[in-house]
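**Q** Fold the stuff below for me.
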Amino acid sequence: MSNPIDDPGHGHSPAAWTAVVIMLVAVALGTLFFFFDMPALVWASAGLLVIGLIVGWIMAKAGYGASGPKYSPKAH
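**A** Numbering: from 1, shown residues only. Prediction:
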């Protein structure tokens, strides 16, 4: 398995990790609220999911994405 130097990575960046963690929490909470029949909180969880996407996009634009200047890839 090779990894060329110019490969931007596969989402191993602070922006990607932050977005995924926020969205994972949103899906987990949405599932829990759906189970307990709390529709308002299910919709709030859907809103948190969208916020996670926006936070990841903003962080990537701020340079914390896989090809951003503030990200330094780790050697494996």
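**Q** which stretches of this protein aren't confidently modelled?
**A** 1-11, 74-76 (pLDDT under 70).
**Q** ranges for the strands of it?
**A** Assigned by DSSP state E, the chain shows no strands.
**Q** tell me the centre residue of it?
**A** Centroid-nearest residue in the chain, with Cα atoms, centre = their mean: Ala19, separated by 1.6 Å.
**Q** contacting residues for Gly30?
**A** Gly30 sits next to 41-42, 45-46, 49 when contact means Cβ atoms under 8 Å, 6 or more residues apart in numbering. Bear in mind the C-beta positions are built from the backbone N, C-alpha and C, glycine included.
**Q** wait, which of the residues you listed is closest to Ser13?
**A** Nearest to Ser13 among the contacts of Gly30 is Leu49, at 19.6 Å by Cβ to Cβ.
**Q** Let me know the distance separating that closest one from Asp37.
**A** The spacing between Leu49 and Asp37, counted by Cβ to Cβ, to the nearest Å, is 19 Å.
**Q** These two: which has the busier surroundings?
**A** The residue with more neighbours, out of Leu49 and Asp37, is Leu49; 17 against 8, by other Cβ atoms under 10 Å.
**Q** do you know how far the residue nearest to the more buried one when sequence neighbours are not counted is from Gly68?
**A** The shortest distance from Leu49 to any non-neighbouring residue, by Cβ to Cβ, 6 or more residues apart in numbering, is to Ala26 (4.1 Å). Between Ala26 and Gly68 the distance is 24 Å, computed by Cβ to Cβ.
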